[in-house]
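S.K.: Okay, structure incoming, though there's no sequence with it:
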């Protein structure tokens, strides 16, 4: 009997546990449903809030990229300097003028001791390079902002190699002996004149020669001021009358006539073309007629050129040098009446550096440039007068 009661009690106990478990499970399911409903309601509310915010343009902002760096203001950029109010420095003796800031003043040293010694016929050691003048542009505290040194130096030295080989650095402030160290060596032009720019740590020098044969060395601690001043550089005429009229040879009424009875031709020519000399004791053009040839075919040594619509085969050669003069030979071959004709011109070029700097050297340079640039025109005009005669 007791055993039966025990089994009944155990069963009731299990039933009560089961009922409690079922009650807990039902309560858990109710709470879970409630939590799910609350979570779902929160999601719906959040989505609705976002939708409402989008509708009024107030949606939550995502991290935005950093704003771009502001563009430099016009005040921070380099402005062009107005040089219209700058003053003009003109030097008739050395043939140039430049503009400079009005707040600067100009002083000139004149010839240095070495140049004065040479002017007096004395010998110099070479330690100090002769200088014709040194023009300084100084501020109110007497500090030089820019200087122009004037020297006597052949044009051939105006090159990077010329500077490295000590031709140039002895002239002016960019002297290697004084501790100057060049960082860059550049080619540039000043008023159409080839120039050499040497840039150091705190100083820049620009070297160039003017037509009168003077070497100008412009130096400054400010590269900007140096370039601005050089942009205003101009050559000026001395006002002296030259002894050579370079264009007078073109007046055909003054030309002479040369007749060659052997080949039966005549040709007219000027006697006053700059540098034009005769290859014989009698002043006359050197003309050769090739009677057995009629086709104009240029050889490898010749260059085919057209001058005033006339075809030529042109060849040049060096005629040697002597006593300060070099000679250049120009040969122009063309056809005349089915025969090949060649004109040989010999031109003399003086060594301009043999003249002292100034008008004579300037005249020498300009004459040589004119002679070289117009030799084609000279040959064409002479050969245009060529004709065969009975």
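M.R.: Ah, there it is. Quick caveat: nothing in here was measured; it's all calculated off a predicted structure.
S.K.: For the residue nearest to the spatial centre of the chain, give the beta-bridge partners.
M.R.: Nearest to the mean C-alpha position of the chain, counting by CA atoms, centre = their mean, stands residue 188 at 3.9 Å. Per DSSP bridges, the residues bridged to residue 188 are residue 195.
S.K.: Scan the helices and strands of the chain for the one with the lowest mean pLDDT.
M.R.: helix 2-55 (a mean of 49; mean pLDDT, DSSP states H and E).
S.K.: Name every strand pairing with the following helix or strand past that one and say which way it goes.
M.R.: Using DSSP states H and E, the next helix or strand after helix 2-55 towards the C-terminus is strand 87-91. Using DSSP bridges, the strands paired with strand 87-91 are strand 96-100 (antiparallel).
S.K.: which outside residues touch the strand it pairs with?
M.R.: When contacts are defined by CB atoms under 8 Å, 6 or more residues apart in numbering, strand 96-100 is touched by residues 83, 86-91, 106, 137, 146, 148, 210, 216, 229-230, 232-236. From N, CA and C alone the C-beta is placed, and that goes for glycine too.
S.K.: Let me see the ranges of the strands in the stretch 201-350 of the chain.
M.R.: Using DSSP state E, counting those that start in this stretch, the strands of the stretch 201-350 of the chain run over residues 204-209, 214-220, 234-235, 256-260, 265-269, 276-277, 286-290, 303-307, 310-322, 325-336, 339-350.
S.K.: can you give me how far stretch 352-360 is from the chain middle?
M.R.: What separates the centre of stretch 352-360 from the centre of its chain is 28 Å, taken as CA atoms, centre = their mean, to the nearest Å.
S.K.: Repeat that for stretch 97-111.
M.R.: 26 Å.
S.K.: Then stretch 204-218?
M.R.: Relative to where its chain is centred, stretch 204-218 has its mean C-alpha point 16 Å off (CA atoms, centre = their mean).
S.K.: From one end of that stretch to the other, what's the distance?
M.R.: Across stretch 204-218, the terminal residues are separated by 8 Å (CA to CA, to the nearest Å).
S.K.: Could you do stretch 195-213 as well?
M.R.: One end of stretch 195-213 sits 14 Å from the other (CA to CA).
S.K.: Show me the shaky parts of the chain.
M.R.: 1-80, 126, 153-157, 165-168, 237-245, 278-283, 320-323 (pLDDT under 70).
S.K.: what's the domain layout of it?
M.R.: Using automatic domain parsing, the domains assigned to the chain come out as 1-60, 76-235, 248-388.
S.K.: What is the neighbour count of the closest residue to residue 386 other than its chain neighbours?
M.R.: Closest residue in space to residue 386, ignoring its immediate chain neighbours: residue 267 at 4.6 Å, by CB to CB, 6 or more residues apart in numbering. Residue 267: 22 surrounding residues under other CB atoms under 10 Å.
S.K.: any idea how far residue 317 is from residue 267?
M.R.: To residue 317, residue 267 is 22 Å away according to CB to CB, to the nearest Å.
S.K.: wait, which of the strands of the stretch 201-350 of the chain is closest to residue 111?
M.R.: strand 214-220 (12.7 Å; CB to CB).
S.K.: Pull up the pairing partners for the closest one, direction included.
M.R.: Sheet partners assigned to strand 214-220 using DSSP bridges are listed as strand 144-152 (antiparallel), strand 204-209 (antiparallel).
S.K.: ok so, going back, which of the strands of the stretch 201-350 of the chain is buried the deepest?
M.R.: Stretch with highest mean neighbour count among the strands of the stretch 201-350 of the chain: strand 204-209 (a mean of 25; mean count of other CB atoms under 10 Å).
S.K.: Can you tell me what sits against that strand?
M.R.: 153, 155, 158, 163, 168, 171-174, 188, 190, 193-198, 215-221, 223, 226, 230.
S.K.: how about 7 Å then?
M.R.: 155, 158, 168, 172-174, 190, 193-198, 215-220, 223, 226, 230 (CB atoms under 7 Å, 6 or more residues apart in numbering).
S.K.: For ChimeraX, write a command that selects the buried ones of those residues.
M.R.: Here is the ChimeraX command that picks out the buried ones among those, judged by 16 or more other CB atoms under 10 Å:
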select :155,158,168,172,173,174,190,193,195,196,197,198,215,216,217,218,219,220,226,230
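S.K.: what's the burial count for residue 358?
M.R.: Neighbours of residue 358 under the rule other CB under 10 Å: 18.
S.K.: Give me the phi and psi angles of it.
M.R.: With angles defined as degrees, to the nearest 10, residue 358 sits at phi 130, psi -150.
S.K.: Excluding chain neighbours, give the residue nearest to it in space.
M.R.: In space, residue 358 is closest to residue 212, 5.8 Å off (CB to CB, 6+ apart).
S.K.: same question, residue 172
M.R.: Leaving aside its sequence neighbours, residue 172 sits nearest to residue 217 (CB to CB, 6+ apart; 3.4 Å).
S.K.: what's the answer for residue 306, then?
M.R.: residue 312 is the one closest to residue 306 (CB to CB, 6+ apart), at 7.5 Å.
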